[in-house]
Every structure is written in C-alpha cells, then in structure tokens.
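K.L.:
sequence isn't available, so here's the structure alone:
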C-alpha cells in the first residue's frame, strides 16, 4: 500500500501501540521561570510546593484510543501493563476501547507519569516506565489475526525498543503505519528515528519535534516530507499544519477554549480526532479540524480521559469555528456518539 494517502470502504481495523500509564498531575501556582537562575542552570536543585494533586488514567496509547472511542470507533490498544491494570481496563472497555491485546507483566507495575504545571501552563514531568519496558515482547501478527487484519498501526511513544520492533514488523508484514515518536525523540538517535519515520503513512510531531527530527536524522524538511505520506505538525495555539508532497499545505486553526484547565494530553486528543477522520474517510482538512476540536476538549478538562462528546454541542462548536458546511459534513458520523 502506498503511504501517500489512506482510504477504506469498510470498518477500519486500527491498532494503537503506545504507553499506558497513570497520570499524577500537580499544579504549582507560581512560574517555573521565576525560580530558574541562569547562572546556576548547571546545578539545578528545586522543590515546588504544589496546591493540587489529581490522579488520572493516561498514557499516550490509551489516551489516543479513548478519544477515538469517544467518537464512536473501536480501536485496539496494544501495550504493556502491570497486574494493577484491572480497574483501568474496565474503564477503557466500558468506553469502547478494545483491550484484548494488552500484555500484562508479572514483574512490574503499570507506568506512572508525574507532571507539574505552572501558572503559565509550562510543565516539568517525569515518567516511570515500569511494565512498559516489556512492550518490546509484543508481536503485532497475533493482533492482526484476532482482528482479521490490520489497516493501520499507530506507533506512539512507548518503550523505544518496542517502537522500533513494531515499525519493523509493519514494514515486513505490509501494515500501513503512523509514526508518532514525539517525546521519545529526545532519547533516540538519528538512525533510530529514521527507522521510525521512513515509509510512514503519517508522521505526527509538534513544531519543536519537527525541527528535532530534521536535526537528528540529517534530513531536510523536503526530504522528510518525501519519505512519508502525510506530515501533520501541531502548532499549539496556532493550530496545525498538514502537508502532503505535491499538494498545497493545509492550515487549520485551533478551537478557542471556554476555559483552560490542563494541557496534558492535548496532542493525544488531536491525534484521536485526526485518525478518526481518516477512518471515516473525510478529507485531511476535516481530519485536522476534528483533531483541533478534540484537543480543546482536553485542554478544558483536568485529566486526559475525563471529557465527554455530546453531538449537539460538538456540532455547535465545530460550526462556530469551521463553518456550518464543514460541521454538516461530519454530522452523519458523530450524531449517535455520546460517552
């Protein structure tokens, strides 16, 4: 299958590989920048007294799946967890996520994400991999056999060895794949990143990660674009850019938030919306618009899986930002969706 563009005339079988974690979200009422002394950055030793602590379900793979399920799809989550996953599994299944291909470690706890957000929405975070380190043991072929095939495999941040193994297996078995290396770009070197990106049907990064990808791979902007089907770059409050070789770039604005609660998981939600649009067969601009609105839902909520999609409200907000004609085009898809 050519990675240039994807379309299907039947229900799409999508496996999302990636981290599954519990998020510990804390809020610092000041600004990190005020506590950093430029001449002492080589020996930083800081402790922030936080005002709030929220413990939520998270992990990039699980977040992407939750968002797609919230839009009425049934993605298959592929990742590694500990024996403490039972309640989380029940939550995901109840919200429409297929967890039958989640690997359970007998040695480690489910991963933990610890993140502190300041008054300017800057974040300092740590991630304990735990059971995620065993994701490299997972084969995709049994997932495909269980589902009757795989139309698309999303390679989102995970154990680096697992990401490379899943990407290589996709190439060997002919599964179209999405490259979403994001946070793991800082840890990986050029040859590894090239393995993750080359031949991807889609490549997701934010604008900083885009520059980091080019810097580490040694590929120019045009060289990266020539090696993937579609490149999607999220631009924070400036929306998103969608590029495809030989086509005019598509720019999509961010959807204004009613309130700003917490940015954790915003990028994951964008990917959920974009991938859902691809599964529905709408154009790339609509895919990015759906992603933009879903990202704003998360921005307005504490926790990455605490939002609800109500069709009437979804239509109203989509139409307000992108026009009634655009909203009407996707109404037939989301009209029966409610979590």
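P.N.:
Yep, it's here. Every value quoted in this text rests on a predicted model; they were computed, and no experiment measured them.
K.L.:
which residues are in contact with the most centrally placed residue in the chain?
P.N.:
The C-alpha lying nearest the average C-alpha coordinate of the chain belongs to residue 268 (CA atoms, centre = their mean; 3.0 Å). Counting by CB atoms under 8 Å, 6 or more residues apart in numbering, residue 268 touches 60, 63-64, 67, 156, 298, 304. Backbone N, C-alpha and C define where each C-beta goes, glycine included.
K.L.:
relative to residue 181, how far out is it?
P.N.:
Going from residue 268 to residue 181 by CB to CB, to the nearest Å gives 14 Å.
K.L.:
among the contacts of residue 268, who's most crowded?
P.N.:
residue 64 (34 neighbours; other CB atoms under 10 Å).
K.L.:
residue 152 is in contact with that one, correct?
P.N.:
No - in this structure residue 64 lies outside contact range of residue 152 using CB atoms under 8 Å: 11.9 Å.
K.L.:
shared neighbours, these two?
P.N.:
Here residue 64 and residue 152 have residue 275 as joint contacts, going by CB under 8 Å, 6+ apart.
K.L.:
quick one: furthest residue from the center of the protein?
P.N.:
Quick read of the chain (CA atoms, centre = their mean): farthest out is residue 39, 36.1 Å.
K.L.:
SS state for it?
P.N.:
At residue 39 the chain is in helix, as set by DSSP: H, G, I helix; E, B strand; the rest coil.
K.L.:
residue ranges for the strands of this structure, please.
P.N.:
14-17, 21-27, 52-58, 76-78, 80-81, 103-104, 111-117, 123-128, 152-155, 177-179, 202-206, 230-234, 240-243, 250-252 (DSSP state E).
K.L.:
okay, buried residues for the first one please.
P.N.:
Of the residues in strand 14-17, those with enough neighbours to count as buried (16 or more other CB atoms under 10 Å) are 14-17.
K.L.:
tell me the two of the residues you listed that are most distant?
P.N.:
14 and 17 (10.6 Å; CB to CB).
K.L.:
shared neighbours, these two?
P.N.:
153-154.
K.L.:
show me the contacts for residue 43.
P.N.:
Counted by CB under 8 Å, 6+ apart, residue 43 has zero contacts.
K.L.:
distance of it from residue 317?
P.N.:
Using CB to CB, residue 43 is found at 47 Å from residue 317.
K.L.:
rewinding a little: read off the pLDDT value for the residue farthest from the centre of the chain.
P.N.:
As predicted, residue 39 sits at a pLDDT of 83.
K.L.:
how close does it sit to residue 214?
P.N.:
For residue 39 relative to residue 214 (CB to CB), the value is 32 Å.
K.L.:
same check, this time on residue 169
P.N.:
With distances taken as CB to CB, residue 169 is found 26 Å from residue 214.
K.L.:
kindly report the same for residue 158.
P.N.:
Residue 158 is 22 Å from residue 214, by CB to CB.
K.L.:
same question for residue 171.
P.N.:
22 Å.
K.L.:
same check on residue 269?
P.N.:
25 Å.
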